[in-house]
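Chemist: quick one, what's the 3D model for this:
(one chain, ligands or ions: 1)
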Amino acid sequence: MCSPRPSGLCLLVRWLLPTILGLTWLASSPGSAGTGGSSEPLAHAYQLLRDYRAAEAEPLLQQILVEDPTCLAAHRELGLLYAHWYRYEEAEQHLTAFIEAAPDDPAVHYARGTVRFSLLDWDGALADFEAVAAAPRGEVQDSDLANSQRMIETIHGRSPGEAIEVRAADGRRVGVIRNGCSSRRGEQYAELLARCVEDVERFAGRPLPPVGLVLLSDSHEMDAWNEAYCGQASPGCAFHNYRIIVLNAHAANYDLPTEEASDAAREAILEHELVHHLIDTIAGPHSMPKWFHEGVADYLALPHGLRDPRTIMQSALAHGQTPYELVELFLLSRPEDMDRMFYRECAGLIAFIGTRSPDGDSWILRTLDARRKSDSFDAAFESVCGMSKEAAFQQWEKVVLRPLLAAPHP
Ligand SMILES: [Zn+2]
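Modeler: Presented below is the predicted three-dimensional model:
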């Protein structure tokens, strides 16, 4: 069904995890005190990590652990690597193996804290961040300390109590909800999350890692999260790298004329956030431009019948979400520079590219897969679409947008 779409859907928060990665590899050396061993394979693994050849370092580190399960350096580096790849369950195991034998390394506590936060183990995360805050000042990086203090402030006393496990039809755990709302609202979101995950996985053709959904009961709570992480007001946000979605379950955006319309808006927003999760899962740690991230999220959250590029642009213009002068501005600026105002226009661009692709919307998945293996988004895009993103943008402008703008204003 068609419903008025809330504006300002979400903010993608890019924060924290990049700061635990790379830096540690560069700072580490095979003979680091207390990490166990300085074998030749370990030295080789470090060199691979320093050369950004992590995919080759991983089996080597695993082999080192087969031969010596107590090699702490291998546990630490694998833990950091899996965190980087969003494989948080494995990351947690290796970082815990390290901490059990060497509990005084604040950098590893910090890494495990972020991983546990991603897994919605907030009590565990809090303990790790507190260990960082309590470490002697000379032993902890300033950024780790500042971020840990911010996490303590956010988690402490603000953790919704009820945890709801969400499972797919086959029994697989697909998410956990930390419910700060009524039980009824929690149940509604559990059903919604299961359905949206199924939709997104169907499109992806593969399972997604479990996602965490933090459900807040009012805008005051959401403001606290926004203040800590986004810096601007928003009814929801998806933590890039974190597999965590934070939603204000009572945002004004859901206050629509009918209950059906409100439910549809909730579903669209949740699906939008899950698509961000999908993009991060497939592309891995490689950054994606905002126009692609938001455009794909907005596009795939639309009902199938509304996914035509012209329909999308017509609806954007008809709802007055984007004044004509802003569309003009969008044309003049590069899509990467867009503001949140332009989500729908980017969805129109994504839809248009699909109409030019021989296998329709599959170009989205192929671009994500290509990006995982490529140093550049532009190169990945061009290899899949057979044209530059600038050329795609110009075609979309000429074929879809200009004719619509030339038509009489509604
Ligand atoms: Zn978004």
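
Chemist: quick one: low-confidence ranges for the chain?
Modeler: 1-38, 157-161, 227-233, 235-236, 238-242, 319-329, 331-332, 334-341, 408-410 (pLDDT under 70).

Chemist: quick check: longest helix of it.
Modeler: As assigned by DSSP state H, the longest helix anywhere in the chain is helix 259-283.

Chemist: so it, near the ion or not?
Modeler: No. Using Cβ under 5 Å from the ion, helix 259-283 never reaches the ion; the gap is at least 5.5 Å. The way it works is simple: take the backbone N, C-alpha and C, and place the C-beta from them, glycine included.

Chemist: show me what that helix is packed up against.
Modeler: helix 183-204, strand 211-216, strand 236-240, strand 244-248, helix 290-300, helix 362-373 (3 or more Cβ pairs under 8 Å, 6 or more residues apart in numbering; DSSP states H and E).

Chemist: and of these, who's closest to residue 90?
Modeler: Across those, residue 90 has its closest neighbour in strand 211-216 (16.9 Å, Cβ to Cβ).

Chemist: hang on, the earlier thing: and the longest helix of the chain with strand 244-248, angle?
Modeler: Relative orientation of helix 259-283 versus strand 244-248 (axes from the mean of the first three to the mean of the last three Cα atoms, to 10 degrees): 160 degrees.

Chemist: quick check: angle from helix 259-283 to helix 183-204?
Modeler: 50 degrees.

Chemist: next, the buried residues of helix 259-283.
Modeler: Using 16 or more other Cβ atoms under 10 Å as the test for burial, helix 259-283 gives 261, 263-283.

Chemist: cool, and stretch 182-194?
Modeler: 185, 186, 188, 189, 190, 192, 193, 194.

Chemist: closest one to residue 318 out of those, please.
Modeler: residue 192 (27.1 Å).

Chemist: report the contact partners of that closest one.
Modeler: Counting by Cβ atoms under 8 Å, 6 or more residues apart in numbering, residue 192 touches 266, 267, 270.

Chemist: format those as CSV; extra columns: distance to residue 138.
Modeler: Converted to CSV, those look like this (distance: Cβ to Cβ, whole Å):
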residue, distance to residue 138
266, 49
267, 51
270, 45
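
Chemist: could I get the helices and strands packed on helix 259-283 as a markdown table with distance to residue 49?
Modeler: Converted to a markdown table, the helices and strands packed on helix 259-283 look like this (distance: least, Cβ to Cβ, whole Å):
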| stretch | distance to residue 49 |
| --- | --- |
| helix 183-204 | 29 |
| strand 211-216 | 28 |
| strand 236-240 | 23 |
| strand 244-248 | 27 |
| helix 290-300 | 27 |
| helix 362-373 | 18 |
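
Chemist: tell me the buried residues in stretch 349-367?
Modeler: Across stretch 349-367, burial judged by 16+ other Cβ under 10 Å covers 349-354, 356-357, 361, 363-367.

Chemist: and the helix or strand where residue 109 lies, what does it pack against?
Modeler: Residue 109 belongs to helix 106-118 when assigned by DSSP states H and E. Counting contacts by 3+ Cβ pairs under 8 Å, 6+ apart, helix 106-118 packs against helix 17-20, helix 72-84, helix 88-101, helix 122-134, helix 142-155.

Chemist: so how far is that helix off the chain centroid?
Modeler: Relative to the mean C-alpha coordinate of its chain, helix 106-118 is positioned 17 Å out (Cα atoms, centre = their mean, to the nearest Å).

Chemist: for stretch 163-172, same thing?
Modeler: Taking mean C-alpha positions (Cα atoms, centre = their mean), stretch 163-172 and its chain are 20 Å apart.

Chemist: now do stretch 377-396
Modeler: With Cα atoms, centre = their mean, you get 23 Å for stretch 377-396.

Chemist: who touches that stretch?
Modeler: 286-289, 292, 309, 335, 348-349, 352-353, 356-357, 363, 366-367, 370-371, 373-374.

Chemist: what sits against the spatially closest residue to residue 87 that is not a sequence neighbour?
Modeler: Nearest residue to residue 87, sequence neighbours excluded (Cβ to Cβ, 6 or more residues apart in numbering): residue 209, at 7.7 Å. By Cβ under 8 Å, 6+ apart, the residues touching residue 209 are 86, 87, 88, 243, 281.

Chemist: what parts of the stretch 151-300 of the chain come near the ion?
Modeler: 294, 297.

Chemist: in a helix, the residue nearest to residue 87, correct?
Modeler: No. Assessed with DSSP: H, G, I helix; E, B strand; the rest coil, residue 209 is coil; it does not lie in a helix.

Chemist: tell me the phi and psi of it?
Modeler: Main-chain torsions, residue 209, degrees, to the nearest 10: phi -60, psi 150.

Chemist: ramachandran angles for the closest residue to the ion within the stretch 301-410 of the chain?
Modeler: Nearest to the ion in the stretch 301-410 of the chain, going by Cβ to the ion, is residue 343, at a distance of 6.9 Å. Backbone torsions of residue 343, given as degrees, to the nearest 10, read phi -50, psi -50.

Chemist: hmm, it is touching residue 294, no?
Modeler: Yes. Look at residue 343 against residue 294 with Cβ atoms under 8 Å: they come within range, at 4.8 Å.

Chemist: number of residues surrounding residue 373?
Modeler: Using other Cβ atoms under 10 Å, residue 373 has 11 other residues around it.

Chemist: can you pull the contacts of it?
Modeler: residue 380 are the contacts of residue 373 under Cβ under 8 Å, 6+ apart.
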